[in-house]
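*Asks:* My questions concern the predicted model and sequence given below.
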Amino acid sequence: MHVIHDPAQFPHLGNAVVTSGTFDGVHVGHQQILRRLRETARQSGGPSVVITYWPHPRLVLGPPPSHDELLELRLLNTLEERAARLASFGVDYLLVVPFTREFAAWSSEEFIQQILLRTVGTRQLVIGYDHRFGRNREGGFEYLSQHAHRYHLSVEEIPREDVDAVGVSSTRIRRALETGDVVTANRYLGYAYPLTGTVVQGRQLGRTIGWPTANVVCPEPLKLVPARGVYAVRATTATGETWPAMLNIGVRPTVGGNLAQTTEAHLLGFEGDLYDQPLTVEFVARLRDEQKFDGLDALKAQLAHDAEAARSALQ
């Protein structure tokens, strides 16, 4: 898949089959649209194109968001994760349109003329039933249908029942993750929820009790981290190897506690150095709440139990 961040660099295709939207999560509802996009492109012989936007519009419009508002803006995907997920559906081109105040002021007519027609060369457009575009979300399927002959393109709207039949939305997935219900989130996503970060050096307390952990720091501050607790995850290293692992999200109350929340993974059976390397964890199941134990012996006994529970969940 070709990923292009500057509309001025996008090759004018002339016969493109296009969809557009935020696609945060690329969940099973989005996947209905992507399958239809791919099918239509195959039937017409044209390339498939997804148009998306970055950064989040609320970070650009209005006053800087407060801490609580930032929590509401948390994303299911980083831009890189979104691109990888779209590529897995066979999309040929991804155009990432920079979301600026100037772009937000475009009318629906300007968006159609500048992006859909002049930049991409759209011949067929596939959109979800609730898709809106242009200043104040003024454009939609009705407007496109009324003017399709003028634009020399065809427009297909994925019916509400086809998208809603899967009973999913990005908001529902966020709510599930905020409570630690990764099983429900994964069902809505159609894949295991991922978190990618760089392994940094921490206090190395796990090493002193025989349970060394990789302290993972995600570079995207808006990426949603699931609720505090202990999880069974699959961990993929920079070399592409995948290991069963257990992961703790929290403040480590038994060993003195942290002021800041950490995300720490213990890769079961792994021996080696992961410092300064990327690590991706995929959440499979939540094992328990984070809790404070009466001493290190009790903590180590629980960690051994967690390891067995993680292995069982990952089978």
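*Replies:* Yep, that arrived.

*Asks:* Where in this protein is the helix or strand with the lowest mean pLDDT?
*Replies:* helix 160-164 (a mean of 57; mean pLDDT, DSSP states H and E).

*Asks:* after that helix comes which helix or strand?
*Replies:* Per DSSP states H and E, the first helix or strand lying C-terminal to helix 160-164 is helix 170-178.

*Asks:* Can you show me the strands along the stretch 51-200 of the chain?
*Replies:* 93-98, 122-128, 154-158, 194-200 (DSSP state E, counting those that start in this stretch).

*Asks:* among those strands, which is nearest L75?
*Replies:* Taking Cβ to Cβ, strand 194-200 is the member of those nearest to L75, at 11.5 Å. C-beta coordinates here come from the backbone N, C-alpha and C atoms, glycine included.

*Asks:* Name the residues of the closest one that are buried.
*Replies:* 194-199 (16 or more other Cβ atoms under 10 Å).

*Asks:* Buried residues in stretch 10-21, which are they?
*Replies:* Buried-residue list, stretch 10-21, by 16+ other Cβ under 10 Å: 10, 13, 16-21.

*Asks:* Sorry, wrong one. I was asking about stretch 297-315.
*Replies:* For stretch 297-315, using 16+ other Cβ under 10 Å, the buried residues are 299, 303, 306-307, 309-310, 313-314.

*Asks:* Extract the C-alpha trace of that stretch and format it as CSV.
*Replies:* C-alpha atoms of stretch 297-315 as CSV (Å, rounded to 0.1, in the frame of the first residue of the first chain):
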residue,chain,number,x,y,z
ASP,A,297,6.8,-13.7,48.8
ALA,A,298,3.0,-13.2,48.3
LEU,A,299,3.7,-11.2,45.2
LYS,A,300,6.0,-13.8,43.7
ALA,A,301,3.5,-16.5,44.4
GLN,A,302,0.8,-14.5,42.6
LEU,A,303,3.1,-13.8,39.7
ALA,A,304,3.7,-17.6,39.3
HIS,A,305,-0.1,-18.1,39.3
ASP,A,306,-0.5,-15.2,36.8
ALA,A,307,2.0,-16.8,34.5
GLU,A,308,0.1,-20.1,34.4
ALA,A,309,-3.2,-18.2,33.8
ALA,A,310,-1.6,-16.3,31.0
ARG,A,311,-0.3,-19.4,29.3
SER,A,312,-3.8,-21.0,29.6
ALA,A,313,-5.5,-17.9,28.1
LEU,A,314,-3.0,-17.7,25.3
GLN,A,315,-3.5,-21.3,24.2
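
*Asks:* chain center to it, what's the gap?
*Replies:* 28 Å (Cα atoms, centre = their mean, to the nearest Å).

*Asks:* neighbours around F141, how many?
*Replies:* 18 (other Cβ atoms under 10 Å).

*Asks:* Leaving out sequence neighbours, find the closest residue to it.
*Replies:* Counting by Cβ to Cβ, 6 or more residues apart in numbering, F141 lies nearest to E157, which is 4.5 Å off, once chain neighbours are set aside.

*Asks:* Then F270?
*Replies:* W243 is the one closest to F270 (Cβ to Cβ, 6+ apart), at 5.1 Å.

*Asks:* repeat for Q114
*Replies:* Distance criterion Cβ to Cβ, 6+ apart; nearest residue to Q114, sequence neighbours excluded, is W106 at 7.1 Å.

*Asks:* on that earlier part again, in JSON lines: the strands of the stretch 51-200 of the chain, plus mean pLDDT and distance to A265.
*Replies:* What follows is the strands of the stretch 51-200 of the chain, written out as JSON lines (pLDDT from 0 to 100; distance: least, Cβ to Cβ, whole Å):
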{"stretch": "strand 93-98", "mean pLDDT": "98", "distance to A265": "30"}
{"stretch": "strand 122-128", "mean pLDDT": "92", "distance to A265": "36"}
{"stretch": "strand 154-158", "mean pLDDT": "90", "distance to A265": "38"}
{"stretch": "strand 194-200", "mean pLDDT": "96", "distance to A265": "9"}
